[in-house]
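Trainee: Based on what follows, work out the 3D shape:
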Amino acid sequence: MYPTLLALHSMVRWFVLASLLFAIFRAYRGWLFKKQFRSFDDRVRQITATIAHVQLVLGLWLYFISPVVSYFLYHFTEAVHERQIRFFGMEHITMMLTGIVIITIGSVKAKRKTTDQDKFKTMAIWFSIALLVILSSIPWSFSPLISRPNFRPF
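Mentor: Alright, predicted model coming up:
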């Protein structure tokens, strides 16, 4: 089950990034060009938050069955000094939780705004911050600090 969940988590990351980038594009476009906030924009906001929450559930599930995290938790004193183990045991989960909280706050705040421009502006700012937080903690294949494949097979 662990390899399947790991592959699924890796795949869903691309949906999170794509939906977040599309939502940010729509938000900046609407904000800067003073567009009307349509039901499509609201659906994009909702879908982006939902995909992020699905990824959160997969990630938490993975966190609790991961042998790397298990080692980190049971051998904390030694593991905290090992870069790759510390990354998955502490840094990755903290930053990703932060990113998803930022997406959630931005989505809720945008929903509650009364003007179209305020909705777009709120989405643009909060989702952009979330994207930066998330991008900083994905174990990219090209990262010199922690490297994992961009696509995992099932």
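
Trainee: Can you find the helix or strand of the chain with the lowest average pLDDT?
Mentor: Lowest by mean pLDDT, DSSP states H and E among the helices and strands of the chain is helix 83-86, with a mean of 94.

Trainee: Show me which residues of that helix are buried.
Mentor: 85, 86 (16 or more other C-beta atoms under 10 Å). C-beta coordinates here come from the backbone N, C-alpha and C atoms, glycine included.

Trainee: Could you do stretch 112-129 as well?
Mentor: 116, 119, 120, 121, 122, 123, 124, 125, 126, 127, 128, 129.

Trainee: now swap in stretch 44-61 and tell me
Mentor: 44, 45, 48, 49, 51, 52, 55, 56, 58, 59.

Trainee: Contacts only, for the fourth one.
Mentor: Neighbour list for residue 49: 103, 104, 107 [criterion: C-beta atoms under 8 Å, 6 or more residues apart in numbering].

Trainee: Which residues are in contact with the second one?
Mentor: With contacts defined as C-beta under 8 Å, 6+ apart, residue 104 is in contact with 49, 52, 53.

Trainee: mind checking pLDDT for the second one?
Mentor: Looking back up the chat, that one is residue 52. For residue 52, the model assigns a pLDDT of 98.

Trainee: Just the residues contacting stretch 12-28, thanks.
Mentor: By C-beta under 8 Å, 6+ apart, stretch 12-28 touches 41, 44-45, 47-48, 51-52, 54-55, 58, 103, 120-121, 123-124, 127-128, 130-131, 134, 138.

Trainee: CA atoms of that stretch as PDB?
Mentor: C-alpha atoms of stretch 12-28 as PDB (Å, rounded to 0.1, in the frame of the first residue of the first chain):
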ATOM      1  CA  VAL A  12      -1.800  14.600  -7.300                       C
ATOM      2  CA  ARG A  13       1.000  17.100  -6.700                       C
ATOM      3  CA  TRP A  14       0.800  18.000 -10.400                       C
ATOM      4  CA  PHE A  15      -3.000  18.600 -10.100                       C
ATOM      5  CA  VAL A  16      -2.400  20.800  -7.100                       C
ATOM      6  CA  LEU A  17       0.200  22.800  -9.000                       C
ATOM      7  CA  ALA A  18      -1.800  23.000 -12.200                       C
ATOM      8  CA  SER A  19      -5.000  24.100 -10.400                       C
ATOM      9  CA  LEU A  20      -3.100  26.600  -8.300                       C
ATOM     10  CA  LEU A  21      -1.300  28.100 -11.300                       C
ATOM     11  CA  PHE A  22      -4.600  28.300 -13.200                       C
ATOM     12  CA  ALA A  23      -6.400  29.900 -10.200                       C
ATOM     13  CA  ILE A  24      -3.600  32.500  -9.800                       C
ATOM     14  CA  PHE A  25      -3.700  33.300 -13.600                       C
ATOM     15  CA  ARG A  26      -7.500  33.800 -13.400                       C
ATOM     16  CA  ALA A  27      -7.100  35.900 -10.200                       C
ATOM     17  CA  TYR A  28      -4.500  38.200 -11.600                       C
END
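
Trainee: Cheers, nothing more for now.
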